[in-house]
Structure formats: structure tokens, C-alpha cells
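K.L.:
A predicted structure for the sequence below; I have some questions about it.
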Amino acid sequence: DDGTVLCHIRVQNSEGTLFTMYQSESKDGGKTWTKPFPILDRMGGSPPHILKTKSGMLICSYAYREEPSSIKVMFSLDGGKSWDADHVIYVNGKGWDMGYPATVELNDGSFLTVFYAHPEEDAPAVIMQQKWKLEE
């Protein structure tokens, strides 16, 4: 609401010991950015998708590729200054290869998150969806 632009950045290494997100912010419409800083632990998950809800809350959906592999969301009520992370909306016990979630808010106030995952261990990846609501 104050014009700040948030960017969540996928950060990983080839050794598989880092798969997380950093955040950077711009106060001038994207001309300059703050130094990126971590918002999850080293294996916290990625890649991110940020949604601003009708109420103004920010929701970031992301994949968690450690056991149990899952799609998670985190929430911010203060414009991205702090995040309440690790809320699981989907668990896939078929393997770690899943992700690229994107979330939309539906007219009834619920949310729909679309992502890819493997329905069976040796099956090809498919597009999946999870409809969910905020806990009251």
C-alpha cells in the first residue's frame, strides 16, 4: 500500500545443500533494490509466488523438496516485513520433484494453488491444484 515492491528470489546451489528464498525490496518503483536477505532456512523451499489478497495480506506459495515434499504457503500481515512460514497445503509422498506454485484468491474467499507434481513415483509430472482456506 505504501508503494514498496517486493521480490522473492529462488536461491540454490548444485550440491543440493541450499534451496531457499531471499527477499529484496524497492521503494522507487524498481529502480533500486535492497540487498537480498534470507526469509527461510537453507532448505526452506522455493520457487516463490506472491499474492496480495483482497484484505491486503500477502501470501507466498512455494515448494518444499525435503521429506515430506509438499507445497507450502507463508503469510505476511505487515507488507512483507515479517512472514509466518511453513503452512502445508499439499503433501506428495511420491518424490521431491514438484513445485512452481501459483495462488489466486477465489470469489468465495478461498484460494486455489496450481503446481506441478508426480502423482506416482515413476509417472510423468502433471499439473495439479489444491483448493484451500485460511484457518479461522
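P.N.:
The structure has been received and is ready for your questions.
K.L.:
mind checking the SS state of the residue in the chain sticking out farthest from the centre?
P.N.:
Distance from the centre of the chain peaks at Asp122, with 25.5 Å (CA atoms, centre = their mean). Judged by DSSP: H, G, I helix; E, B strand; the rest coil, the three-state class of Asp122 is coil.
K.L.:
Ok, Tyr62 next?
P.N.:
Under three-state DSSP, Tyr62 falls in the strand class.
K.L.:
quick one, what contacts the closest residue to it other than its chain neighbours?
P.N.:
Excluding the flanking residues, the one nearest Tyr62 by CB to CB, 6 or more residues apart in numbering is Gly45, at 4.4 Å. Backbone N, C-alpha and C define where each C-beta goes, glycine included. Gly45 makes contact with Phe19, Thr20, Met21, Tyr62, Ala63, Tyr64, Arg65, Lys72, according to CB atoms under 8 Å, 6 or more residues apart in numbering.
K.L.:
again, only this time at 10 Å
P.N.:
10, 19-21, 60-66, 69-72, 74, 85-86, 99, 101 (CB atoms under 10 Å, 6 or more residues apart in numbering).
K.L.:
Quickly note the distance from it to Val73.
P.N.:
Between Gly45 and Val73 the distance is 10 Å, computed by CB to CB, to the nearest Å.
K.L.:
how many other residues sit next to Val91?
P.N.:
If you count neighbours by other CB atoms under 10 Å, Val91 ends up with 13.
K.L.:
so where is this structure shaky, pLDDT-wise?
P.N.:
Applying pLDDT under 70 to the chain flags the ranges 136.
K.L.:
that older thread, verify the stated contact: the residue farthest from the centre of the chain with Gly95.
P.N.:
Yes. Taking contacts as CB atoms under 10 Å, Asp122 lies within contact range of Gly95: 9.2 Å.
K.L.:
hey, what's in contact with both of Gly45 and Val73?
P.N.:
Between them, Gly45 and Val73 share these contacting residues under CB under 10 Å, 6+ apart: Cys60, Ser61, Tyr62, Ala85, Asp86, Pro101.
K.L.:
State the phi and psi torsions of the residue nearest to Tyr62.
P.N.:
Main-chain torsions, Gly45, degrees, to the nearest 10: phi 120, psi 160.
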